[in-house]
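Peer 1: Predicted coordinates and the sequence they were generated for:
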Amino acid sequence: MASARNETRPLSPHLQVWKWGPHMLVSILHRVTGTGMATVGVIVLLWWLAALAGGEKAYADFMDLLTYSSGAPNLAGYILGIGLTLSFFQHMMSGIRHLVMDAGASFELKANKSFAVGTMVVSVLLTAALWGYLSYGHLTAKPVENAPIVVETK
């Protein structure tokens, strides 16, 4: 007959037992970014499609929320754009990490932690590189000659 269970021991490992590490953070971020992209991305996409179908006024209202009249992103546009971009790159890099681990590599603790930190660093670098590239044209563009001065107000 089996011996009685020791009441002082937990039935399964709990968060208090495990030390938090970068590999745990990346695993959780993978789920959060996937859910966030699916939720926020679909809401913005459907809102954009509804604005397209709703006519010129609805589309202008949608664009006013995310951009200035020049087409450059405003604060809300940057937050949404950079947030979705960072989520995409984090989810992609984490997916690549999982693919490598599914192949049987990087299970050693040091390699696993290094790979996890690498996914976070590379996702931030890719996001910065993309938004730097997107912004570079606006920063280096020459002003249009004989253009009237337009003051943007909201």
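Peer 2: Right, received. Where do you want to start?
Peer 1: drop to CA atoms for contacts and neighbour counts, all remaining ones
Peer 2: OK.
Peer 1: shaky segments in the chain?
Peer 2: Where the chain drops to pLDDT under 70, the residues are 1-3, 10-17, 138-139, 141, 143-154.
Peer 1: Would you map the helices across this structure?
Peer 2: Secondary structure of the chain (DSSP state H): helices at 22-54, 56-66, 75-102, 109-140.
Peer 1: Hey, what's the angle from the last one to helix 22-54? Just curious.
Peer 2: Comparing the axes of helix 109-140 and helix 22-54 via axes from the mean of the first three to the mean of the last three Cα atoms, to 10 degrees yields an angle of 40 degrees.
Peer 1: elements contacting helix 109-140?
Peer 2: With contacts taken as 3 or more Cα pairs under 8 Å, 6 or more residues apart in numbering; DSSP states H and E, helix 109-140 sits against helix 22-54, helix 75-102.
Peer 1: Who are the contact partners of Leu126?
Peer 2: Residues near Leu126 by Cα atoms under 8 Å, 6 or more residues apart in numbering: Phe89.
Peer 1: re earlier: pick the most deeply packed of the helices of the chain.
Peer 2: Ranked by mean neighbour count, the helices of the chain are led by helix 75-102 with a mean of 17 (mean count of other Cα atoms under 10 Å).
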